[in-house]
Structure formats: structure tokens, C-alpha cells
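Student: Sharing a model prediction with you, sequence too.
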Amino acid sequence: MRIMIIGGGNVGFYLSKTLIASKHKIMIIEENPTHCERLVSNLDSKWVEVFLGDGTEVNCLRDAGIHHADVLIAVTGYDQNNLVACQLAKDYFGVKKTIARVKNPKNIRVFEKLGVDSVISSTESIANVINQELEWNDVNKLIREHSSSLRLREVQVRQAPWLIHHPLKDLGIPKGIIIIAILRRAQAIIPSGETILQEEDKIILWGEEQLISDFLHILSAN
Amino acid sequence: MVIEKPVKRIYPMLYFIGIIIVVLGCLQLVPLVVSLIYKERFISSIFLATASFTILVGEGLMAIGYRYRSTKLSFGEGTVVAAGAWLLGTMLCALPYYFSGSCLSFIDSCFDVMSGLTTTGLCLIQDMDHLSNGINMWRQTLTFTGGQGMVVLALTFLTKDQSNAYKMYVGEGKDEKLFPNAVSTARQIWKISIFYLIIGTVVMTFAARSAGLAWDRAFLHGMWVYMSAWSTGGFAPMSQNILYYHSSLFELCAVVFFVIGSLNFALHHAVLSGRVSEIRKNIETITFTISFIILSSLVTVGLMKNNVYPDLLAFLRKGLFHLISGQTTTGFMTVYAKQFYYEWGDIALVAMTIAMLLGGSACSTAGGFKALRIGVIFETFKTEVKKLLLPESRIVEYRIHHIKEMILSDSLIRSSFLIVTAYLVTFTVGTLITLLFGYPLTMAAFESASVTGNVGLSIGVTSTSMPLLLKITYIIMMWLGRLEFMSIFALIAFILKGGLKK
Amino acid sequence: MKKIPLVLILSLLCSNVVKAGTLPTYTSIELIEQAKSLNQTEVIYQGEVIGDVLFRGEQAWLSVSDGVNAIAVYVPIQLLPEDLALGRYLYTGDIISVKGILHRACQNHGGDLDLHVSYLERTSLGYPQEREFPEYIWIIGGVFSGIALIGANYLKKRHEVSE
Amino acid sequence: MFLIIAGCTQVGALLVKKFVDTGHNVVVIDRDKGNFDYLETGCNCLMIHGMPIDEDVLKEAGIERADALIAVTAEDNMNIMISQIAKHLYHVPHVMMQANHPERQAVLSAKGLHMICPIALTADHFYTSLLQKENSI
């Protein structure tokens, strides 16, 4: 795939480095000459093209060859620049998929409404992790005292839409993991095999740590 | 070549004062209509003459300053306009009282007008029980206008040249912005007031009717008492004040309306536009509630100790009624002024004095320190203590909730302390002057607090027979308390600097 | 001029012989200031009925003013004269003399200071106050309002010119 | 009219003054407190210190009841984002913005934004007025 990245700061740099590993062709536009130098000297020029300029300008995007790009990822430090870059790419150059990073998590909604395909907020991801960790840490600590490998985990059903519409017994949940509760709105339900999950549910899993993390992997992969 | 000539600063100010005076003149048409309806020929003729005279004066001022009307005023000049309009307006509004013979002297008339406009509610008016409907209407019109503010009223008619509006608005002791524009804010304030006026008049009319008045008198009394209650004024049409009605329902309705009236207009605006939870969170309502609880327990202790009232109902209708009336700076009374002194005892009187000084909400019709400032000062003490316990390198910013989250900034703290100090100084000076005329301390302090806080509860000092100097002192104190000092100091400084000569 | 009714009332107070017995007549100031000592005792009080009669079933509230304060008086309705004249604007009400018990903080009436009357007597009838009012004020008012209207017109014209 | 002006730049301050003097309700937002110095003292408007692309700041400014919004911050992309938020998320009836790069006009006009480019306007003005003079000689 040909990927255009707007913004060659730390995020842009490590992102391109990771993407090169899976053989993607990268184009980076960066305003700051010093950052450009670092990109050029540290990344393989066979896979990466670096352009000096403003990625929210039509001419600059055209020069960098946006017509060939399949994906545009905007990761500058300013939400407004990321938005404009994505919109130009999508509406003016017809790029199929646009991805933007936002600093203010509240802008996720704004970006999605204004036509950006996927929006990523590191702030929100971190906040989510922390929120889950804080809730479960105490319980897990208690469990850990008695068994080293058993864990409780909370999963949003929304993350894995294929869980919905089927009774639990048909979902093929691996042995060694049980769903001990379903949190639906304000109430908690003790599930049976016939229970059907809904989109806004949260489920609480209980099982071997390894099995659970494998299962979560399957969930997110689907 | 165009050379700009320096504008004489007094002219644009005269123009704006003129507008306010014209509005005050038009206001006298309200009692004129009422006196015409009741065929009070003499009173009508007086109101016709004074109204047109006031309008004439205003027009004269406008004509003098007309050419300079779009000159930008400075903040100080805007406040001078407000203070000057109050001074001149008071004198002009006193004319109907004086010429109708309702007051014995011109100073008495001015006292009554100032008392009405500042929503204080002390009166020197003669023979109130035989007062004409026209004059009674004028008293309540003054209170109602003064509560929202005469500048605020004048601003609602300002359609052009609005750049100076905010400076005058601030000069009148209000600083909340319900809308970004001061003129829209003024209009909204009046919309809220008229909205409540209609509801309140209907409710109070029925309450007065149930108290035993005939329908037409019930309507007039209901409207007047409502106007007074909403403006936290304290004027009632009869000399016995609220005691006249002998009705707990009537008293209850009045309490509800003056408590509503003592709330911040910004809070009204927030609640009327759907943010009801604001009432619970607001620092002013919290401060008001807490201080009220503390003071009411003090009053309870004081009254219980002296065994003043025989049962709970009497305690509620006398003790608590007056405390709420005092703290909202309304000044409705259901006892005779002297009864406070002879019966209530020192603890209850001190609690009442404090309550009157504390006052209601900022940007309302209430007076006193205002709950916002008390809240700010209390929070400041709290945060200073908290800061002592934190490491020095820790940087903290404290917030208070008033309509929105506000940072407890130095300027906010400074202005709060400044105004509260000014109130305290005025209160002390007033007490001292009253003492000099031979009144006992509790009486002096009580009356002085009542005057400074624009309350209107009287312990018996205020009467036509009190010394002239004391009357003038009280007029000035009411004026200071209502306009919150700064604009009056600006006016004095302006005159001293020779602003009138240049 | 305002003092005329007041003087009248006071003169009536002095001249009138109270027929209700040997009890002393009190002024409103005395009643208020000595309320503690006079509490629950029978007193005589005299003054003009003002405002309204507020009926409460078999009883009624009157406000009786002696020119300084108005005292609330609680009267059984059978004691009320049928054509009781009430003091209003330009009307002096009936002067009545009442005998009754003073309550400093009446238990039945929410702590009001009141007089529960057992005997009421009308000592003089009410009458309209004859007062001469100068009519020339109308002329002054007319002239002023005329000038004010001209002034308003002038300002309006000036405003239109400057537009 | 209830109007929000994003960016208390020199253009913004001039706009505020014009609208305030004619009696409109004006809220001005800027992320730099110092910029409010462009306004006169005691300006009859509401000043909000905050990031104008932050929805909370816009809500505080009253975007839900605003009749118009003008974005005149120094940054084009900021203006574009504010305008779109106002237009598409809060459906403000009149949204206008200033932009310094005229070449984006096409794509932004397609999004329904009313854009004004002061640089292009100035250049056009000089160009046409000079040509007119030359023709008349």
C-alpha cells in the first residue's frame, strides 16, 4: 500500500518505521527542516519519501504525489491541521481512507462527523486503560493472592460485533473461560447458555490469564 | 487639514444622564394614570407637572450633550454618569412627594425617594394610612425601578450608541452579563422582572383577597406588595406594613417572592433557560443557605432565651420572617419598630444586624455585602489554610462555582475584600453618627446596618423627628450601599478635579 | 395642611371622656413600649379606623390609628357598627374607643401585637376631608408638557438630520 | 444578532467594535489573553479565553444559540475547523471565515463555507484600481 503521512514528528517517525517493516510505501510531509533531516537520515529511502512543506496545502500534497496514495494518515501536533489534511485528501484528491490523530478526545466526534474515516486519540486510549485498570486492579489483586494465573477481565461487546444475536452457548467460548456476569445499563445479569448479548453490554470474563488474552486477541481480530 | 478638538468630557456624560432623567420622567406617568383612574385630581395635576418638568430637564441635558453623544466614555466616566443620574434623579423624583404634601420637607422627600430607589424601604412619608393611590403607586414604581436599576431601565431604550452601555451598567453596581451585550442584558433583566411581576401580582392579589380586602384594593395592594417584595424593597401601602394583613398565607407568599427577588439575575436566567441544577451548585445560594442557618439558630436562641414568642407559629411568623426579610434586605415587618428594641434582646438583634449586613445575591435587587463576596472571602480563607499545608513548590488554582466555574483570582478576591471593607466602614461611621445623636448602641447598629444594606427594617430611629444631619447621613449611606461605593467615589473625584469647570 | 386630621384626632382624644369605666386610656406608643408590662391586661385605646375591615368568621380585624401608629384590633362582628366609616385618602374614618385585652405576642394570631376587644364605642363619625387644592397646577403641568413635547420633537428632528 | 467571533486579531477586534457599536451581542474567543488588548477597555462584549476549536469553549460562548460565527484567527486550518464545527455540528445559520491560501477555496466552498481571502482581495483591489487608472489616462 502507498501511505501518505502528514507530520514527521515523533509519532510520524515511529509510525513510518513500523509500517516499513510490513513493506508499505511511505510518503511523509513535514514542515520542519530539522525533523525532515532526521527522517531522511534514519529511514530507508527505498521505502520512504520525505517532503518538506505544509501538508495542509493543496500544492504541497499534489507535489508529494497524493494521487498515488491509498491511505492518508495525519499525525501533526495540531488537531485543526490534521482535520484539514484529511479533508483535502478525501474531498479534493479522492483518497480512499483517511486516518487522523487528535489530541483532544472530544474532537473524535467532530472529526467523525466531518468525514474523517478513523480517528485515534492517544489520550483517550490511555484514559481507557487507566479506567479499566483501576476498576479491576483491586479485585485481581485479591484473586492473585490465591491463584497466580486466574484473572477477571471486562470486555465491551461493541468491540466484537459478532458476539451479538447468538445465544452464548453457540458462541464457541473456549473452555477455561466463563462469562460470570453481563452488565446491561444499570443492572447485572447472571448469564445462562440461552442469554443473548446486546450491543451496549459489557461482559465480565473469568479464567486463566493466558486463555483470556488469547480470547481477547480473537475478539479484536474478528 | 482636520484637527481634532478636545471634547469637553462633561458633555457626553450630560447626554446620557439626560436619557436616564427622561426615562424617570416617563416613569411618573404610571402613578399619573393610577391617580386619574381613582379621580385624584390634585395628585394627577402634580404628577403631570413633575413628569413633564423631569422630562424637560432630561431633554435639556440631552440637547446640551447631543453633539458629543458618540464620544467614548472611560470606565470612570461611565460610573460617574450612573452616580450623577442617581443624584439628580432622586431630587427630581422627590418633587411629587414634596408638592403633594406627603412629606414635610424636601429632605424628607429625598429620603423617601432614595429609600425607594435603593430598595431600602425606610419611610418618612406622612400619614401613610390616608395616602392617595397615586402616591402609593409612585412609591412602589420607584422601588421596582430602583431594584432592577434606573440605568438598566434607561439602557433598554438605548438602540444606538451602545458602546458606552457597559460602562454605565457597571456603574450601577451590577456586573453580570446574561448576554454579551449590556443592552440585551438590561432587556433580559426587565423581561425576567416583568414575567415575575405578572405572576406575582396575580398570586398576591389572591393572597390579599383571602386576607379580607375587597377585589380592587386586593389588586392594588397585591401588586404593590409584590413590587416591593421582588425588589426587596420593603414599602407597604399601610403604616403597619405586612402586619396590616394578619394573614400567614399573605406573609408566606411575600417571603417566597422576596427570596426569589434576592437571587442573582444570572441565576434566574440560567434557571429559566433550563439549567435548574445551578441553584444547588451556585456558591451564592450555598453561602446564603449556610449563613442563614447559622443566623437563624442564633435568632432562635436569642428569642427562646427571652421567651419572646409563645409558640412555633409565632416564632416562624415573627422571628424567621424578619430574619429572611433582613437577610434578603427586603425589610417587610410584622412587628412595630420599637418592639425589636423592647422585646427581642441583644443576641437576636446582633444576629439580625449581621444578617442585614450580609445581604442577598450580587446582581439582584438585594443589598448588603452580597453572598458572592462572602463566599469568595470564605473560600479565600479556606484556600490560604490549604496552601499552608501544601509544599511550597505546589502550584494550585482554586475555583468557585458561580453560573460557571470561576477561578478564584486575585482581582476577584481583592474587589470582594475592598467592597466588604467599604461596607463595614460605612456601617461603622453610620453607627457612630447615630450614637452621637444619643441613640443606644443596639439601636444605632441595627438601624445603621439596615440603611447600609438597603434593608429597611427599622428599630425606631427613622422618623420625621430625627435630626436633619442624620437624615442626610442615611441618604448618603443608602446611596453608597446601593451603587457599591466606587461610582460615587468616582463622582466625587470628578467634581473635585474640577470636571464641572473644564 | 396635612396636620389637620392629626390635630383633630388628638383633640378628640383629649376631649373625650371614656365611658368604659375607670381604666386608663393608652396611646399607641405606650401600648407598644410598655407591651411587656401591659401584656394580658385590659386597656382602653382610642383612634381612627383606617384601611379595611378584614373579616375572620365571627370576628374582624380593624386597624385603629391614633395618628402615630395603627394598632390591630380584633373585634367580634356584633360589636361593629353597621355603617363603620373607614379612613382613606381624603376621608377621616370613624373614631372609636375600644376596651380590650392587650396581647404583646398573641398566641392565637401568630405573635401579633393586638387588642382583643370586648367593648367598642363610636365616639365620633367619619367625614370627608374638605381641602382646597390649587387648580393652577394643571396649567403649569400643561405648559411644561407642551414644552416637553416640543423638546422631544426637536431632539427627534435633530436625530433624523444626523442620520 | 448573537455573533461569535473566533480570534481577537486586528481584524477580529475591528469586527467586534463594529458589531458592538450597532448593538449586537458579540462573544469573542481567543487563546491568547494578550490579544484582548486590541479591544477597547470596557468593551460591551463577552471575552472568552480559550482554544476556539474546543467544543467546550464554543459552548461556553453560546454556539448553540448563535446566529452567526466569523472565524478570523491567524491560522487557516483553525478557521476551517471552527467553521465546520459551527456549520455542520451546531448548524449556525451564518458562518464565515478568513483564509490566507486562496487555493483551498474550491474544496472548502464545496463544504459550504463562506471564505474570504484578504490577500487575494487586496491584490485584486490594487490590480483593478491601477488598471482603471491606466485606462483613464
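Tutor: That came in fine, so what should we check first?
Student: Quick check: chain neighbours aside, which residue is closest to A:Leu52?
Tutor: A:Cys36 (5.1 Å; C-beta to C-beta, 6 or more residues apart in numbering or on different chains). To be clear about C-beta, it is placed using only N, CA and C from the backbone, and glycine gets the same treatment.
Student: what helices or strands is whichever strand or helix holds that neighbour leaning on?
Tutor: Using DSSP states H and E, A:Cys36 sits within helix A:33-42. Contacts of helix A:33-42 with other secondary structure elements, assessed using 3 or more C-beta pairs under 8 Å, 6 or more residues apart in numbering or on different chains; DSSP states H and E, are made with helix A:10-21, strand A:25-30, strand A:48-52.
Student: Around residue 92, how many other residues sit close by?
Tutor: You didn't say which chain, so I picked chain A. By the other C-beta atoms under 10 Å in any protein chain shown criterion, the neighbourhood of A:Tyr92 contains 18 residues.
Student: my bad, chain D
Tutor: When neighbours are counted by other C-beta under 10 Å, D:Val92 registers 22.
Student: which intervals of chain D have sub-threshold pLDDT?
Tutor: D:105-108, D:110, D:137 (pLDDT under 70).
Student: before we move on, what about chain C?
Tutor: Residues of chain C meeting the criterion pLDDT under 70: C:1-22, C:163.
Student: Any figure for the gap between A:Trp162 and B:Gly101?
Tutor: In this structure, A:Trp162 lies at 93 Å from B:Gly101, with C-beta to C-beta, to the nearest Å as the measure.
Student: Tell me which of those two has more neighbours.
Tutor: Set side by side, A:Trp162 and B:Gly101 show unequal neighbour counts under other C-beta under 10 Å, the larger going to B:Gly101 at 17 against 10.
Student: does the more buried one count as helix, strand or coil?
Tutor: Classification of B:Gly101 using DSSP: H, G, I helix; E, B strand; the rest coil returns coil.
Student: next one: phi and psi at C:Ile71?
Tutor: The phi and psi torsions at C:Ile71 (degrees, to the nearest 10) take the values phi -110, psi 140.
Student: most packed of the helices and strands packed on helix A:33-42?
Tutor: Greatest average neighbour count among these goes to strand A:25-30 (a mean of 24), per mean count of other C-beta atoms under 10 Å in any protein chain shown.
Student: Report the angle between that one and strand A:48-52.
Tutor: 20 degrees (axes from the mean of the first three to the mean of the last three C-alpha atoms, to 10 degrees).
Student: Measure how buried residue 121 is and give me the count.
Tutor: No chain in the question, so chain A it is. 20.
Student: Can you look at chain D instead?
Tutor: For D:Leu121, the count of nearby residues is 11 (other C-beta under 10 Å).
Student: residues making contact with the strand or helix carrying it?
Tutor: With elements taken from DSSP H and E, the one containing D:Leu121 is helix D:118-136. The contact list for helix D:118-136 (C-beta atoms under 8 Å, 6 or more residues apart in numbering or on different chains) reads D:11, D:98, D:100, D:102.
Student: Not counting residues beside it along the chain, what's closest to the second one?
Tutor: This points to D:Gln98. Across the structure, with C-beta to C-beta, 6+ apart as the measure, the residue nearest D:Gln98 apart from its sequence neighbours is D:Val72 (4.6 Å).
Student: which residues touch the one you found?
Tutor: Taking C-beta under 8 Å, 6+ apart, we find D:Val72 in contact with D:5-7, D:9, D:11-12, D:15, D:79, D:97-98.
Student: Out of these, which two are the most distant from each other?
Tutor: When C-beta to C-beta is used, the two most widely separated members of these are D:Leu15 and D:Asn79, lying 13.4 Å apart.
Student: of those two, who's got more company?
Tutor: Comparing D:Leu15 with D:Asn79 by other C-beta under 10 Å, the one with more neighbours is D:Asn79, at 28 against 19.
Student: Return the list of helices and strands in contact with the lowest-mean-pLDDT helix or strand in chain A.
Tutor: Of the helices and strands making up chain A, the lowest-confidence element is helix A:122-146, at a mean of 72, by mean pLDDT, DSSP states H and E. Contacts defined by 3+ C-beta pairs under 8 Å, 6+ apart place helix A:122-146 against strand A:150-156.
Student: Pull up the pairing partners for the next helix or strand after the strand it packs on, direction included.
Tutor: Tracing the chain past strand A:150-156, the next element assigned as helix or strand by DSSP H and E is strand A:177-184. Its sheet considered, strand A:177-184 pairs with strand A:187-189 (antiparallel), strand A:202-208 (antiparallel) by DSSP bridges.
Student: Tell me the buried residues in the longest helix anywhere in chain C?
Tutor: Longest among the helix segments of chain C by residue count, using DSSP state H, is helix C:136-162. Within helix C:136-162, the residues that qualify as buried are C:137-138, C:140-141, C:144-145, C:147-148, C:151-152, C:155, counting by 16 or more other C-beta atoms under 10 Å in any protein chain shown.
Student: Format these as a markdown table; extra columns: distance to chain A.
Tutor: Converted to a markdown table, the buried residues of helix C:136-162 look like this (distance: C-beta to the nearest C-beta, whole Å):
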| residue | distance to chain A |
| --- | --- |
| C:Ile137 | 69 |
| C:Trp138 | 70 |
| C:Ile140 | 68 |
| C:Gly141 | 65 |
| C:Phe144 | 63 |
| C:Ser145 | 61 |
| C:Ile147 | 63 |
| C:Ala148 | 58 |
| C:Gly151 | 57 |
| C:Ala152 | 54 |
| C:Leu155 | 51 |
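Student: who touches residue 185 in this structure?
Tutor: Because you didn't say which chain, this covers chain A. If you count contacts by C-beta under 8 Å, 6+ apart, A:Arg185 has them with A:Glu200.
Student: look at chain B instead
Tutor: If you count contacts by C-beta under 8 Å, 6+ apart, B:Thr185 has them with B:169, B:176-179.
Student: top of those by neighbour count?
Tutor: Highest neighbour count within those: B:Tyr169, with 28 neighbours (other C-beta under 10 Å).
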